[in-house]
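Visitor: What follows is a predicted structure for the sequence shown.
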Amino acid sequence: MRAAVASLLLATATTTAIGCGGAVVTCETFVHIVGGDFGRTADRLWWTLQVEDIPATLRFNQLSVPPGFLEYRWAVDIDSDRNGQTDLSAAVINYTMVGATAIETADVLSVARADLWEVTGETSRPIGDVDATLIDDTFRFEVAASAAPGLAVVSDRSQSTWTTFYRFGGGPLDQCEERWR
């Protein structure tokens, strides 16, 4: 039964992979979502996001990505009020930094930030921390239900969309993104 549900859910994944000049590119395995889950206790919420493969090391602050651009994002977007729009997000992200040296590391969480974001239309801002772990190819996000007012009414996985993002260059189309429900 679980395998049937998982294969049904995989059918709802959408991937955008466009390179310079509109050429279709193959996204990296650390962008491809293969699973996700949600759970809740009285005062804590958690999500897992599993990707196909996290390589032995990842390079952060790549010289090909302009400073200040979003480079990596593994996240769960949350529709707490069930209006069809994301209003919160638990995310592990990295923006490239001005003057930063490229970092090659096996420890994604030592470089990337784990935050709870409030999302309003096209803008977002960090409003708190998320307890994030990465074991093998699976991220786990955990947050207190009291961390944001909307979390109190998040009760099932249908309020969540799992997302990944990777920018590999400076062009507007030099990126891969995937959404999974």
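Guide: Perfect, I can see it now.
Visitor: In this structure, where is pLDDT below threshold?
Guide: Scanning the chain with the threshold set as pLDDT under 70 gives 1-25.
Visitor: again, 50 this time
Guide: Counting by pLDDT under 50, the chain has low-confidence residues at 1-22.
Visitor: Show me where it has its strands.
Guide: Here the chain has its strands, by DSSP state E, at 14-18, 33-40, 44-51, 58-60, 70-78, 88-95, 103-105, 113-120, 123-129, 131-135, 138-144, 160-167, 175-180.
Visitor: which strands and helices sit next to the fourth one?
Guide: Translated: strand 58-60. Packing contacts for strand 58-60, counted by 3 or more CB pairs under 8 Å, 6 or more residues apart in numbering; DSSP states H and E, involve strand 70-78, strand 103-105. Every residue, glycine included, has its C-beta placed from N, CA and C.
Visitor: Residues contacting the longest one, please?
Guide: Translated: strand 70-78. Residues outside strand 70-78 that contact it (CB atoms under 8 Å, 6 or more residues apart in numbering) are 36, 38, 47, 49, 51, 58, 60-62, 65, 86-96, 108, 112, 119, 139, 141, 150-151, 154, 159-167.
Visitor: Tell me what I78 is bridged to.
Guide: When assigned by DSSP bridges, I78 has beta-bridge partners L88, S160.
Visitor: ok, back up a step: need the buried ones from the contacts of strand 70-78 selected in PyMOL.
Guide: A single PyMOL command selects the buried members of these (16 or more other CB atoms under 10 Å):
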select buried, resi 36+38+47+49+51+58+60+61+62+65+86+87+88+89+90+91+92+93+94+95+96+108+112+119+139+141+150+151+154+159+160+161+162+163+164+165+166+167
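Visitor: follow-up on the earlier one: what's the closest of the helices and strands packed on strand 58-60 to I127?
Guide: Proximity to I127, assessed across the helices and strands packed on strand 58-60 by CB to CB, is greatest for strand 70-78 (12.3 Å).
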